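[1] Generate coordinates for the sequence data below:
(2 chains)
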Amino acid sequence: MQTPTPALAFVSIGNLSKDYAEGDKKRTIFKDMNLEIGRGEFVALLGQSGSGKSTLLNLLGGIDLPDAGTIRIEDRSLAALTESERTRFRRRHIGFVFQFFNLIPTLTVQENLLLPLELNGLTTEAEQHRATELLAYIKLSDRRDSFPERLSGGEQQRLAIARAIVHRPLLLLADEPTGNLDTATGERILELLLDLHHQTATTIIMVTHSHEVAARADRALYLESGQIRDITR
Amino acid sequence: MTPLLWRALLRHPLRHPWQLGLSILGIALGVAVVLAVDLANASARRSFELTMNRVTGHATHQLVGGPAGIPETLYRDLRVERGFRFAAPVVTGYLPKMNQPGQLLQILGIDPFAEGPFRAAITNPTGGSLDLRSLLQQPDAALMPPALGAAVTLQRGHQSFTLKSVGVLDGPEMEGLLITDISTAQSLLGLSGRLSHVDLILPDGPTGERLARELRAWLPSSFRVENAAGRNQATADLSAAFSLNLTAMSLLALVVGAFLIYNAISFSVVQRRSLLGMLRALGATRGELFLGVLGEALLLGIAGVLLGGLLGLWLGSGLVQLVTRTINDLYYTVSVREFLIDPWSLGKGAALGILATLAAAWLPAREAANAPPGAALSRTHLESRWQAAVPRWVFAGLACLGSGGLIFSLSDSLIAGFSGVFLLIFGCALLTPPAVVYFVRLNQPLVGRLNLIARMANRDVARHLSRTGIAVAALMVAFATTVGVGVMVDSFRGGVAIWIKDLLNADLYIAPIGVEGGDHAEVLQATTLAALRTTPGVAAVSTYRRASTELNGRPVQLIATELAPAAQAGYHLIAGQGTTAWRAFQTGESVLISEPLAYRQRLSVGDALPLMTADGLHQFTIAGIYLDYGSEHGRILIQRASYERYWRDTGIGSAAVFAVPGENLATLRARLQENLGPLQPLMIRPNRDIQARTLEIFDRTFTITQVLRLLAILVAVVGVLSALSALQLERAREFAVLRATGMTSREIGLLVSLQTGFMGAVAGLLAFPVGLLLAAVLIFVINRRAFGWSLPYHFDPWLLLETLTLAILAALLAGLYPIWRMAHTQPADALRAE
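    A predicted model of the protein is given here:
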């Protein structure tokens, strides 16, 4: 697979700064940080706890706003969008996978999978068929009417990943998707993500603590002291 | 909103059926109380209209006189001399059925030949064979409803009269009505040669006005021509303040209900903060979540309204009996007791229920819409935001209290009074979360000496302020309402008890037997009075005559009295100097008026009081204002000789007897019975009996208030169950962790009980001062504006204990289900469920 070049930047971060108030003090997360990610890239994001990995995903997903700087996704500046426009952009073009799965406990397996399609008005038969195929692909067809609480951790994360890509987002943001799973299950989840990446060429940014996992990405980035550096070998 | 989004939100309440059921029950109870009171008021009003309309018929005007009605000769002159054809004589009044003093029947005496255009629809509703002339063909004949059978025996004083049915009056509006000819009605009611009034039909427009003017010019000055509809309205208005008070009480129940709805919905939002965050992360917009939560509340509201509607109908059919009984006791006689299902009331109840639900859900829905995407907001973050908001709560609470006080001082209307009450309640509710934090801090040194569980229980209440603050506020409002109303009723009763004891300071009271049945026309005979004054053991006698008159178009009671010196001491003058006032009163040109009359008509000592006498308007001077709870519309006390002179009425309705010091009252009573009994059938009763009867009527009047108060308590208890059990159920995972760590079920049960008990205690403790404040407003503002009474303020310290115990018990009860559930769930299941 060809590694995209930054010249064709799909995600572009310029002079990004973000602070958090901690009591009376200010904690700097990012300081004038710059980053470009190409379309179809699979990027692993590493860093110590508290280095700002999840914050960066939240900023890219438009669920948090920077104090300064710009974030552009496919030439659209997130800061220039209104809250409602950001929500609609996220709904259509971004998929989220969380460490703790975050499935909707009040919806069944199938309903969880269909939710992004419905929210985006993608209710054609073809889309429904794709959801059914995806369900078979993650081997949960026979659990379609179960509620998430009845699934194992691995099953829940498979469903979460399927839900994140069912509407063909441009960008998939995964926050330690294997962090809450045993090694074998984590490995299977990673295989699933890589497989989906190859099949759909979705841009993926995945937070991880594991250098082995990072080694299988197109690029590995390390967050430290408010800056980011490329550690791809 | 997509169907899946709806499903994601709505399955939450469905998965918590207990919470759902209690929320619906909370709304239902609030709606039921409002609806029941409104239906009861509407039914009473409708019954009154039926009672009045069946007598008024098509009459546009009425020719009326003073307390003794009008002489028959005036009617004859009207028809013969004036040639006025559209006039019909009426003799009407109420008599009880034999041996059933509570069941009053309305007598309507008519002239069948003059009736034609007046009451045709009523006396011949089917247009069929009912022949009014049959009333004239047989003695003691009457038209009566089928429920009374073929004959009915009535009682007036010691006399009984049996009427035979010669025709049937069909329809619910005919309940309790007897139609007879004029002379039968006169003999039944003791109005020989007199008429109650003469009905007139005058044409609309200038011709009618001219005719009315001519009639007024022709009539002697003691008679008036009045507009019939206006006269009925003036009577109906008598109970307006009573109805408004009931409505306000019922709205108070709805406010308590709305607080509980707010509590339930905001709870469900807080419980779902991670769900809402996930939905936001997936792209649900703020508007969608706002609509979703509001839609969910709407569904709850609809379910609550439907259930509340059924409950309200059931409750209303019971309340209408209490309302009409109170109206009969205090205002005017309503002999129709139909329960009317007024569609307007149903619509109003439903709309209020839905609006209250939506208003209560508004803030939680906004909170839901503002949930940050991705479940980023931790519980700690949420709670710290609440803690930081405490100063703002204090400020908003004080602002509400200030606005409430401002409204009281700026306007003296009753509606403004109630608006102020609601602002006060709201302000106190806003101050509750800060108070909870304060109580927790206050409790810290105490629990610091106890074990870990007690320390955890105490700390958790402040830590979960987003939930506990609202729950305690809702409970506080509910209990404060019951305290406030309870203190008001107790204070009122205390005031009435002292007043009646002072006022009825004679030893024995004598009246003709008919007075008991409401017949104030019956009088003590002159021979009876003479014998009374000369009976050994009688030191002094006061006499009374009650009549009705009007002041500025409103009916007031006129009490003509000759007071024994000792009886004067029973009147507490609140304006006017004692000796001077009584001296002026004795001249007959000055009167004393009761406090409600002075308040309502803004009268002061020294003002002129124009009263319609037998010789036309005469100006009296107000010499003093006295404390009186006997009539909210006011009384005028006038010297007996003056009354006789101006109203030409020498009758005496009752007498009070002061015994010679040392005289045995039982002996004196027996002696009076022996001396006076053969002259006239009398009731001779000691003052204690009358005092007890007054308090009995008072208690009966407040039965409905107590019923509403009990309902508010019920709403409160449902609220406690709903709020606290939801709070504890939400902590299932936390408890599972504690159990996994080694805490026993019993210890967790203790933790839950300590927490719920503490919250109940805080709600109870706060409810007491707030309830006392509410009582003060009800007593000094609302009652004053509604009825013109100044009441004493006193409360029973036991009420504090009662409220506290009830609040703690209800709170402990609320913990039982979560404890039971926790004890029957494996910790692993609870951990996994999260």
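
[2] quick check, residue B:293 in a strand?
    No - judged by DSSP: H, G, I helix; E, B strand; the rest coil, residue B:293 forms no part of a strand; its state is helix.

[3] isn't residue B:569 right up against residue B:505?
    Yes - taking Cβ atoms under 8 Å as the definition, residue B:569 is a contact partner of residue B:505 at 6.7 Å. In short, each C-beta sits where N, CA and C put it, glycine included.

[4] pLDDT below threshold where in the stretch 651-800 of chain B?
    Residues of the stretch 651-800 of chain B meeting the criterion pLDDT under 70: B:700-702, B:716, B:720, B:729, B:740-743.

[5] element containing the residue of it found nearest chain A?
    Residue nearest to chain A within the stretch 651-800 of chain B: residue B:733 (12.1 Å; Cβ to the nearest Cβ). In this structure, residue B:733 sits in helix B:732-741 according to DSSP states H and E.

[6] dump the residue contacts of the closest residue to chain B within chain A.
    Here chain A gets closest to chain B at one residue, residue A:91, 2.2 Å apart by Cβ to the nearest Cβ. By Cβ atoms under 8 Å, 6 or more residues apart in numbering or on different chains, the contact list for residue A:91 reads A:116, A:119-120, B:282-285.

[7] try 6 Å
    With contact taken as Cβ atoms under 6 Å, 6 or more residues apart in numbering or on different chains, residue A:91 is in contact with A:119, B:283.

[8] Starting from the strand or helix carrying it, tell me the next helix or strand along the chain.
    If you go by DSSP H and E, residue A:91 is part of helix A:83-93. Per DSSP H and E, the first helix or strand lying C-terminal to helix A:83-93 is strand A:94-97.

[9] starting at the chain centroid, how far to that next one?
    Strand A:94-97 sits 4 Å away from the centroid of its parent chain (Cα atoms, centre = their mean, to the nearest Å).

[10] ok now the helix or strand that it is followed by, how far from the chain's centre?
    Toward the C-terminal end, the helix or strand that comes next after strand A:94-97 (DSSP H and E) is helix A:109-119. Centroid separation for helix A:109-119 versus its chain: 17 Å, with Cα atoms, centre = their mean.

[11] ok, now stretch A:62-77?
    Using Cα atoms, centre = their mean, the offset of stretch A:62-77 from its chain centre is 15 Å.

[12] Pull out the buried positions in it.
    A:62-64, A:66, A:69, A:71-73 (16 or more other Cβ atoms under 10 Å in any protein chain shown).

[13] Narrow those residues to those in strands?
    If you go by DSSP state E, the buried residues of stretch A:62-77 have A:69, A:71-73 in strands.

[14] Make JSON lines from these and add pLDDT and distance to residue B:96 to it.
    Shown next, in JSON lines, are these (pLDDT from 0 to 100; distance: Cβ to Cβ, whole Å):
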{"residue": "A:69", "pLDDT": "93", "distance to residue B:96": "91"}
{"residue": "A:71", "pLDDT": "93", "distance to residue B:96": "88"}
{"residue": "A:72", "pLDDT": "93", "distance to residue B:96": "91"}
{"residue": "A:73", "pLDDT": "92", "distance to residue B:96": "88"}
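
[15] Tell me the one of these nearest residue A:37?
    Minimum distance to residue A:37 across those is 9.4 Å, recorded for residue A:73 (Cβ to Cβ).

[16] Neighbours of the residue nearest to the closest one when sequence neighbours are not counted, how many?
    In space, and not counting its chain neighbours, residue A:73 is closest to residue A:11: 5.5 Å by Cβ to Cβ, 6 or more residues apart in numbering or on different chains. Neighbourhood size, residue A:11 [other Cβ atoms under 10 Å in any protein chain shown]: 20.
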